[in-house]
Each structure stands twice: as C-alpha cells, then as structure tokens.
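A.B. asks: Output the structure for:
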Amino acid sequence: MPKTSIIITFIKNEELSHLLRTLHSVIQRTPVKLLEEIILINDNSHKEDHGMILQNYITTIFNETSIRLLFSNDSLGLQRARLSGFKLARGEVIVPMDSHMEVQEGWLEPLLDVIQQDPRTLASSYLDWMHIDENDSWTYKHGPSTWKTYFEWNFDFGFQDSNKEDIEARQNDVTAPVVSPMCIGSNWAMRKDVFEDIGAFDEQMKAWGGENIDLALRVWRCGGRVLNIPCSHAAHLEQSGQREYRNNQDWSSLMEYNYKRIAEVWLDEYKKYFYYYRPELSAVDAGDLSSRRAIKEKCSQKYNRDFSWFLKEVYPELGIPGGEDNLAWDGVSTKPFLFAL
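C.D. replies: The predicted model follows:
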C-alpha cells in the first residue's frame with residue numbers, strides 16, 4: 001500500500017491537549033509502514049504552547065515518528081494552510097485532518113485499499129463525534145456507516161442515509177464502500193498526483209467553506225469517484241461555541257464568494273437553480289475564474305462528464321426544480337411548494 005502524509009493545521013484557539021490527543025491517536029493507530037509523515041501547520045498562532053512547548057513534546061515523545069512543525073507568518077485560513085502542507089508532502093497519498101480528531105483502529109488501511117483499486121478515488125472516513133463538557137470530560141458517540149454526503153442547490157451541505165435500494169444491495173457486504181456525491185472537509189485520502197492533476201484547491205477561495213463541494217465535483221468530473229468507507233472511522237470533537245463564527249458577517253461573505261466561484265465553474269447551465277435559491281449572490285464578484293475553467297475544459301475533453309452527467313449518474317436525488325431537464329424553469333416560491341412557469 002502507498003505511504004501517506006497527514007496534514008494537520010491549527011490556529012490560536014486550539015487547545016494543545018486536543019492537538020496532542022489527535023497526534024497520539026494517529027501515531028498509535030496507524031501502521032508505521034503506511035505513515036510517511038505528519039505535517040503540522042501552525043497558522044500564525046503565537047501561543048507559547050504552540051511553539052517550543054509543542055516542538056519539545058514532539059521531539060521527546062514522538063522522536064521515532066517523522067513530524068514536521070511548520071509556522072506561517074500570515075493567517076492563511078484552513079484551505080490555504082492545508083494546501084501549503086500538501087505541496088510539501090512526500091507521501092503518495094495525502095490526508096487532511098482537523099486538529100481535534102481521534103482516529104480509530106484500522107482507519108487508514110481501507111482508505112488506501114480502494115485507492116489502490118482505482119487511483120482516481122477520493123476515499124473518506126465516516127465521522128463519529130466526541131463531546132466535551134465544562135469539566136473536560138469526554139463522551140464518544142459512534143455515527144452510522146451508511147450515510148452519503150450531499151449538498152442542496154443552495155450549497156447547504158450535510159449527511160443523509162443511503163436509500164432503501166442501496167442499503168438492501170449492501171446487505172451481503174456491509175463493509176462495502178458507499179458511493180457519495182460529496183465528501184467531508186477532512187479525513188479523506190487521495191493520491192497527491194491525482195489531487196494536483198485535477199487542480200488541487202482553488203487558491204483564490206478564501207478562508208474555508210465550500211472547498212469540499214468544489215473538490216468532490218472535480219473528482220467526479222475528472223474521471224474519479226468519491227467513496228465513504230464504513231470500516232474507516234474518526235471522531236470529531238464538538239466544543240461549546242465552536243460554530244459561533246457562522247453568525248459572523250465576515251465569514252458569511254467569504255462563504256458566499258467561495259460558493260459563487262464553484263457555481264460559476266462547475267454547475268454549467270444548471271447554475272440558474274443555485275441563483276434562484278441564492279439570488280443575493282448574483283452580484284458577487286467571483287474574481288478571475290480562467291484557471292478553474294481551464295481545468296474543467298481539460299477534464300471535459302478527457303472524460304466527457306458534465307454536470308448533467310453528474311445529476312444523472314451520481315446524484316439524481318438532487319432533482320431539477322420544475323421537472324427533469326427543465327432548463328427554461330423560472331421558480332416561484334410559495335409555502336410550502338415550488339412550481340414552474
């Protein structure tokens with residue numbers, strides 16, 4: 001199996017204990033022969049325990065593991081910080097990971113197995129949850145292993161169970177991968193050369209938000225597939241107040257900019273449905289899209305997969321507002337119905 005580089009980014013509000021818990025779980029539960037390195041990206045955090053204290057701990061406790069601690073003097077944001085780590089990665093396979101995770105035994109091998117079968121695969125772990133209370137007491141909650149990752153026309157993103165037919169088809173092998181339209185933002189594995197071939201991350205997207213939608217659409221349209229792997233689990237720590245940033249107007253503006261870039265490039269003529277649900281984004285300046293459109297054109301010529309193909313072959317559940325193939329649709333919203341003119 002190919003060796004893997006794991007990229008973990010962190011910022012100033014990350015507790016050192018949570019970061020170390022992540023590192024311990026990765027090192028203890030990942031076969032040495034499959035781990036090329038762990039790259040830690042300090043995204044402009046000047047906290048004392050994120051500098052020499054962390055470096056001394058790594059040197060003392062993890063001295064037999066290749067861990068590189070790198071510091072950015074600029075606040076890159078999650079996506080660009082990860083990309084800086086991907087560029088430096090020596091492993092054949094890259095895995096982005098949040099700095100507050102706990103991987104489970106056997107988490108990596110099944111991801112690498114499906115990548116070996118098809119090198120253009122993006123293989124994703126299933127997420128469990130860890131909750132922490134005011135006494136720093138942890139509770140681990142297992143999530144299901146049949147979910148698909150999805151998005152709506154307005155780019156709301158989430159998880160839904162597989163349909164009845166898919167679940168019945170997997171009864172003889174509950175460990176079989178689940179084909180998914182989308183991927184989660186972390187704990188996915190992909191060959192580095194394939195990631196770069198399909199355009200890596202959009203370096204003009206800001207902070208974070210939407211990059212998983214952008215990546216999954218490119219994987220599918222550039223000859224690949226997205227699989228959720230039931231035998232691979234990792235828990236994400238949910239902390240009190242963790243999602244308060246979503247009420248911040250600055251963060252919302254960055255998300256809108258990112259979403260606009262995705263819609264303009266990858267939805268083709270179907271982008272009108274995105275703008276119906278997000279009309280406020282019609283006037284947003286998405287910046288220069290020429291390099292991303294060039295990637296789409298290259299993939300279209302080689303694999304002949306447009307967004308219409310994606311809707312038919314990968315994600316028919318998304319549906320077409322107003323009826324199948326109704327590109328002349330002009331939605332009118334009533335409660336609780338949408339109908340077509």
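A.B. asks: make it CA atoms for all contacts and neighbour counts henceforth
C.D. replies: Fine.
A.B. asks: Please identify the helix or strand for Ser149.
C.D. replies: No Ser there; residue 149 is Thr. Per DSSP states H and E, Thr149 falls inside strand 147-151.
A.B. asks: can you give me the helices in this structure?
C.D. replies: For the chain, applying DSSP state H gives helices covering 16-28, 52-61, 78-88, 109-117, 164-169, 192-197, 211-221, 249-266, 271-277, 290-303, 307-313.
A.B. asks: Just tell me which of those helices ends up closest to Asn228.
C.D. replies: helix 109-117 (8.8 Å; CA to CA).
A.B. asks: helices or strands up against the closest one?
C.D. replies: Helix 109-117 is packed against strand 121-132, strand 188-191, strand 225-238, with contacts defined by 3 or more CA pairs under 8 Å, 6 or more residues apart in numbering; DSSP states H and E.
A.B. asks: and the angle from the longest one to strand 147-151?
C.D. replies: I take that to be strand 225-238. 90 degrees (axes from the mean of the first three to the mean of the last three CA atoms, to 10 degrees).
A.B. asks: What are the buried residues along strand 225-238?
C.D. replies: 225-237 (16 or more other CA atoms under 10 Å).
A.B. asks: List the neighbouring strands of that strand plus their orientation.
C.D. replies: strand 101-103 (antiparallel), strand 121-132 (parallel), strand 178-179 (antiparallel) (DSSP bridges).
A.B. asks: Now render the ones you listed as TSV, adding distance to Glu203.
C.D. replies: Below are the strands paired with strand 225-238 laid out as TSV (distance: least, CA to CA, whole Å):
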stretch	distance to Glu203
strand 101-103	25
strand 121-132	20
strand 178-179	28
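A.B. asks: looking at these, which is buried most?
C.D. replies: Most buried of these, by mean neighbour count (mean count of other CA atoms under 10 Å): strand 101-103, with a mean of 27.
A.B. asks: quick one: low-confidence parts of the stretch 101-250 of the chain?
C.D. replies: For the stretch 101-250 of the chain, the stretches with pLDDT under 70 are 239-250.
A.B. asks: Contacts for the strand holding Thr149 next, please.
C.D. replies: Contacts to strand 147-151, defined as CA atoms under 8 Å, 6 or more residues apart in numbering, come from residues 157-162, 178-184, 213, 228, 318.
A.B. asks: got the contact list for Thr121?
C.D. replies: Taking CA under 8 Å, 6+ apart as the criterion, Thr121 is in contact with Val114, Ile115, Met190, Arg191, Val219, Gly224, Arg225, Val226, Leu227.
A.B. asks: repeat that for 10 Å
C.D. replies: Contacts for Thr121 (CA atoms under 10 Å, 6 or more residues apart in numbering) come out as 111-112, 114-115, 189-191, 194-195, 219-220, 223-227.
A.B. asks: Name the nearest of those residues relative to Lys206.
C.D. replies: For these, with Lys206 as the reference and CA to CA as the criterion, the closest is Phe195, at 19.0 Å.
A.B. asks: pretty sure the closest one contacts Asp202?
C.D. replies: No. Applying CA atoms under 10 Å as the test, Phe195 and Asp202 come out as separate, 11.5 Å apart.
A.B. asks: shared neighbours, these two?
C.D. replies: Counting by CA under 10 Å, 6+ apart, the common neighbours of Phe195 and Asp202 are Leu215.
A.B. asks: Tell me, how many residues neighbour Leu217?
C.D. replies: Neighbour count of Leu217, defined by other CA atoms under 10 Å: 23.
A.B. asks: That one and Trp266 touch, don't they?
C.D. replies: Yes. Judged on CA under 10 Å, Leu217 makes contact with Trp266 at a distance of 7.2 Å.
A.B. asks: can you list residues touching both of the two?
C.D. replies: Shared contacts of Leu217 and Trp266, counting by CA under 10 Å, 6+ apart, come down to Asp306, Phe307.
A.B. asks: quick one: Val178 from Trp188, how far?
C.D. replies: For Val178, the distance to Trp188 equals 14 Å [CA to CA, to the nearest Å].
A.B. asks: Common neighbours of those two, please.
C.D. replies: With CA under 10 Å, 6+ apart, Val178 and Trp188 have common neighbours Ala123, Ser124, Val226, Leu227, Asn228, Ile229.
A.B. asks: can you redo the residues you listed as a markdown table with distance to Arg21?
C.D. replies: Below are the shared contacts of Val178 and Trp188 laid out as a markdown table (distance: CA to CA, whole Å):
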| residue | distance to Arg21 |
| --- | --- |
| Ala123 | 23 |
| Ser124 | 21 |
| Val226 | 28 |
| Leu227 | 27 |
| Asn228 | 24 |
| Ile229 | 23 |
